[in-house]
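**Q** Need the 3D shape of this:
(one chain, ligands or ions: 1)
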Amino acid sequence: MNPILRATGITRRYGERIGCADIGFDLYPGEVMGIVGESGSGKSTLLNCLAGQLTPDAGSILFDSAQQGVCDLLTLSEMQRRTLARTELAFVHQNPRDGLRMSVSAGGNVGERLMGVGARHYANIREQALSWLERVEIPADRIDDRPSQFSGGMQQRLQIARNLVTGPRLVFMDEPTGGLDVSVQARLLDLLRGLVRQMGLSAIVVTHDLAVVRLLADRILVMKDGQVIEAGLTDQVLDDPHHAYTQLLVASVLQA
Ligand SMILES: Nc1ncnc2c1ncn2[C@@H]1O[C@H](COP(=O)(O)OP(=O)(O)OP(=O)(O)O)[C@@H](O)[C@H]1O
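**A** You can find the predicted model right below:
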């Protein structure tokens with residue numbers, strides 16, 4: 001099986017400071033990879049480079065696209081990249097406001113993505129939007145409400161529906177449960193895990209919360225000072241961390 005994503009030598013500096021250095025990994029179809037590490041370790045820099053929101057200084061990111069074959073996300077034309085971003089890729093932001101259009105209804109937020117890939121039939125779009133609202137546990141009678149009228153957890157679930165409605169193959173998630181109450185986090189994680197499995201999604205999830213990777217990720221990368229210091233199957237790394245830093249990270253959660 002070919003990897004859906006192969007990152008090699010991803011490096012990004014901010015002046016003298018290193019954001020992330022020489023990161024490489026393969027992600028296989030249907031696999032979820034977690035990126036963990038303390039604040040400032042380079043998780044967001046790496047994710048933003050992978051997702052095309054930040055240009056790395058060096059490296060390549062090969063994506064096995066269903067439409068375009070294997071392509072380097074870093075050398076695609078703007079148009080090819082936009083097409084991929086609308087169809088095969090998705091990005092779930094920590095703050096739903098960054099991933100939703102707050103002035104558009106919930107149904108519109110989901111429908112808009114469908115229209116972006118060519119859907120034109122209003123009744124079909126509304127029907128699909130309704131079905132996705134149901135999948136993310138938003139009551140059908142809220143379809144015409146704006147996200148600003150939703151709770152934080154509902155907004156996040158709506159952002160997930162908006163991202164998944166077009167059936168992407170690879171989803172980037174930046175602290176998807178961050179900023180939510182603990183009980184809301186647990187429900188959202190359950191929902192995410194169900195959707196990822198049902199849809200056979202590949203995903204890359206950045207989080208500082210080891211409970212999130214425990215539940216969602218098959219494999220993890222542990223980052224420190226912009227480098228990957230440990231990588232492997234989630235349970236193996238968390239149950240038997242080799243690097244002293246990972247041991248500390250795991251121990252600090254156990255004590256909390
Ligand atoms: N825009 C920027 N300008 C300068 N330095 C930056 C910028 N963004 C990040 N950095 C630096 O790059 C390094 C990695 O930061 P990054 O935000 O990727 O870490 P992180 O692990 O995502 O942290 P957090 O969990 O707090 O979001 C840090 O030293 C940070 O100070």
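**Q** Any idea how many residues pack against the closest residue in space to residue 61 that isn't next to it in sequence?
**A** Once flanking residues are discounted, residue 61 sits nearest to residue 73: 4.3 Å by Cβ to Cβ, 6 or more residues apart in numbering. All C-beta atoms are positioned from the backbone trio N, CA, C, and that covers glycine. Residues near residue 73, counting by other Cβ atoms under 10 Å, number 21.
**Q** who touches residue 73 in this structure?
**A** Neighbour list for residue 73: 50, 52, 61-63, 81, 84 [criterion: Cβ atoms under 8 Å, 6 or more residues apart in numbering].
**Q** Could you pull out the buried residues of the longest helix belonging to the chain?
**A** Of all the elements of type helix in the chain, the one with the most residues (DSSP state H) is helix 182-199. Buried positions in helix 182-199, judged by neighbour count with 16 or more other Cβ atoms under 10 Å: 184-185, 188-189, 191-192, 195-196.
**Q** ditto for stretch 17-35
**A** 18-21, 23, 25, 27-28, 30-35.
**Q** sorry, back to before: possible to save the buried residues of helix 182-199 as JSON lines with distance to the ligand and pLDDT?
**A** Putting these into JSON lines (distance: Cβ to the nearest ligand atom, whole Å; pLDDT from 0 to 100) gives the following:
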{"residue": "184", "distance to the ligand": "20", "pLDDT": "88"}
{"residue": "185", "distance to the ligand": "16", "pLDDT": "89"}
{"residue": "188", "distance to the ligand": "19", "pLDDT": "91"}
{"residue": "189", "distance to the ligand": "18", "pLDDT": "91"}
{"residue": "191", "distance to the ligand": "23", "pLDDT": "93"}
{"residue": "192", "distance to the ligand": "19", "pLDDT": "93"}
{"residue": "195", "distance to the ligand": "24", "pLDDT": "93"}
{"residue": "196", "distance to the ligand": "22", "pLDDT": "93"}
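**Q** Which member of the residues you listed is positioned nearest residue 132?
**A** Nearest to residue 132, judged by Cβ to Cβ, of the buried residues of helix 182-199 is residue 195 at 10.1 Å.
**Q** Pull up the gap between the residue nearest to residue 61 and residue 149, please.
**A** Noted for residue 73: a distance of 36 Å to residue 149, by Cβ to Cβ, to the nearest Å.
**Q** Might you enumerate the residues of the chain proximal to the ligand?
**A** Along the chain, the residues adjacent to the ligand under the rule Cβ under 6 Å from any ligand atom are 14, 17, 19, 37, 39-45, 208.
**Q** Buried only: go through those residues for me.
**A** Burial by neighbour count, 16+ other Cβ under 10 Å: within the residues of the chain next to the ligand this picks out 19, 37, 41-45, 208.
**Q** now the helices for the protein?
**A** With DSSP H applied, the chain shows helices at 43-50, 78-87, 96-99, 106-116, 122-135, 152-164, 182-199, 210-216, 234-239, 244-255, listed in chain order.
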